[in-house]
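Colleague: Below are the sequence and a predicted model for it; my questions follow.
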Amino acid sequence: VNAAPRGIDRVREALDSHDGERIDLLVGTPCFPPPPELLDALARAAAAPHFDYAPNQGTPGLRQAIARLHAREGEDVDAAQVFVSHGAKVAALVVLGTLLQPGDEVVLPTPCYPAYRKLPRLFGATVRTVEREGPPFAWDVERIQEAIHDRTRAVLVTSPCNPTGATLDPEALRALVDLCRGAGIRLLLDEAYTAFRFDPSTMGSCHVVDPKSEVTIRLRSFSKTYGLCGWRMGYVLAEPQLIERLTWFQASHVNPPNTLIQNALESAIDVPASYHAVALESVRSRLAAIVSALGATPLSMEMPQGGFYALIDLRDAMHSTGHASATEFCRSLAAREGVAFWPGEDYGAPGWARICGAALETPDFADELSARVRRFLS
Ligand SMILES: Cc1ncc(COP(=O)(O)O)c(C=O)c1O
């Protein structure tokens with residue numbers, strides 16, 4: 001295990017040394033509260049006597065409730081296609097542990113969520129990265145195809161993307177599904193941010209991917225969609241035979257997720273659409289405020305198509321301020337101005353930094369952000 005400090009650890013250290021008020025844009029914690037219906041449901045679930053392990057696939061009630069949620073979006077999903085786990089990250093670990101043997105390979109377009117560069121290695125597999133150029137950091141299906149060879153087991157794509165904010169359009173998604181079907185491998189789609197697409201035409205996999213497909217493995221998370229990162233709950237949608245193997249892996253190595261939380265989600269998962277609309281707008285408005293605040297500085301950032309995040313190009317500013325890496329730049333900015341950006345090196349994006357819009361307490365902080373960045377660069 002490589003336990004070397006990450007760029008973010010070094011920025012956190014620098015931020016701790018800053019005395020004044022901080023503008024911390026590091027972690028993807030939602031800026032909106034969870035639905036009150038779910039908090040009430042948890043109180044009710046806690047009052048009932050549930051002390052046993054849940055089934056390893058997830059409770060039948062929650063899996064049926066998830067299937068109904070997808071039916072509302074017009075997707076025909078069976079409870080047998082649903083596997084519940086401790087958030088999307090553990091779900092990804094279970095999927096990769098189930099799919100991979102030593103010597104296998106996963107094709108990973110970068111910049112990407114840091115865990116995805118490491119998780120396949122836990123199982124003796126390697127990661128073949130395919131760099132995306134940005135902005136707009138679109139997925140180049142031809143280059144992904146070139147990276148596939150006989151030991152490739154999966155292509156791993158996150159849309160909307162953490163850290164770029166790019167979102168797959170329906171044609172690219174179809175092309176990726178066809179490519180993986182032709183190669184006899186899986187398309188692992190991380191949809192943790194699918195509820196946060198600012199342009200609805202950049203659809204999620206819904207209506208594009210056949211929910212009964214034997215190719216796709218879709219990861220969903222309650223962390224961002226319902227503002228419930230701490231409840232540690234997410235699920236996988238895949239074909240039933242794979243779901244059985246995931247269930248075996250969870251039973252053998254992980255054990256099932258929390259029964260109370262599953263029961264609470266089962267009874268109140270179907271929150272009003274207005275909840276999701278307000279959550280989306282609170283993230284979108286903060287990101288837009290950051291785009292306009294940085295527009296008044298030598299740094300710039302494009303409005304992402306979805307998700308919580310965007311990348312800022314630091315290359316010119318690194319050069320003019322004499323910082324050799326994004327990590328060094330972000331450390332100085334955090335120590336001197338109390339502004340924390342996540343260095344791009346952790347995402348496979350050297351020369352860039354990631355910000356989380358959802359981390360900003362209110363969009364009003366954006367002007368202060370702009371003033372501090374200008375002062376740092378002057
Ligand atoms: C792309 C992506 N996938 C998965 C996760 C983790 O989700 P969960 O909290 O459900 O484990 C995150 C969290 O930031 C993420 O950005």
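Modeller: Arrived safely, thanks for sending.
Colleague: Now the closest residue to the ligand within the stretch 51-200 of the chain: phi and psi?
Modeller: Closest to the ligand within the stretch 51-200 of the chain is Gly87: 2.7 Å, counting by CB to the nearest ligand atom. Every residue, glycine included, has its C-beta placed from N, CA and C. Phi and psi for Gly87, reported as degrees, to the nearest 10, are phi 90, psi 160.
Colleague: Equivalent analysis for Gly184, please.
Modeller: Torsion angles, degrees, to the nearest 10, at Gly184: phi 70, psi 30.
Colleague: what number of residues lie near the residue lying closest to Ala324 once chain neighbours are set aside?
Modeller: Closest residue to Ala324 apart from its sequence neighbours, by CB to CB, 6 or more residues apart in numbering: Met318 at 7.4 Å. Other residues lying near Met318 total 20 when counted by other CB atoms under 10 Å.
Colleague: The residue of the stretch 51-200 of the chain closest to the ligand contacts Lys224, correct?
Modeller: No: counting by CB atoms under 8 Å, Gly87 stays clear of Lys224, with 10.3 Å between them.
Colleague: more crowded one of these two?
Modeller: For Gly87 versus Lys224, neighbours defined as other CB under 10 Å are more numerous around Lys224 (26 against 22).
Colleague: Quick one: distance of the helix or strand that contains that one to the chain centre.
Modeller: Here Lys224, judged by DSSP states H and E, is contained in helix 222-225. Helix 222-225 sits 10 Å away from the centroid of its parent chain (CA atoms, centre = their mean, to the nearest Å).
Colleague: Ok, stretch 191-200 next?
Modeller: 11 Å.
Colleague: quick one: buried residues of that stretch?
Modeller: Of all the residues in stretch 191-200, those buried under the rule 16 or more other CB atoms under 10 Å are Glu191, Ala192, Tyr193, Thr194, Ala195, Phe196, Arg197, Phe198.
Colleague: Can you tell me which of those end up in helices?
Modeller: Of the buried residues of stretch 191-200, none are assigned to helices by DSSP state H.
Colleague: In this structure Ile185 contacts Ala154, no?
Modeller: Yes: using CB under 8 Å, Ile185 is in contact with Ala154, at 5.6 Å.
Colleague: With neighbour numbers in mind, choose between the two.
Modeller: Ala154 (25 against 20).
Colleague: The nearest residue to the more buried one once chain neighbours are set aside: neighbouring residues, count only.
Modeller: Using CB to CB, 6+ apart and skipping the chain neighbours, the partner closest in space to Ala154 is Arg186 (4.3 Å). Neighbouring residues of Arg186 were enumerated by other CB under 10 Å; the total is 23.
Colleague: what does Ala47 give?
Modeller: Using other CB under 10 Å, Ala47 has 9 other residues around it.
Colleague: got it, and Thr225?
Modeller: Using other CB under 10 Å, Thr225 has 21 other residues around it.
Colleague: what sits against it?
Modeller: By CB atoms under 8 Å, 6 or more residues apart in numbering, Thr225 lies in contact with Ala192, Thr194, Ala195, His276, Ala279.
Colleague: Secondary structure element for the last one, which one?
Modeller: Under the criterion of DSSP H and E, Ala279 resides in helix 273-295.
Colleague: That helix - contacts with which helices or strands?
Modeller: strand 309-313, helix 365-377 (3 or more CB pairs under 8 Å, 6 or more residues apart in numbering; DSSP states H and E).
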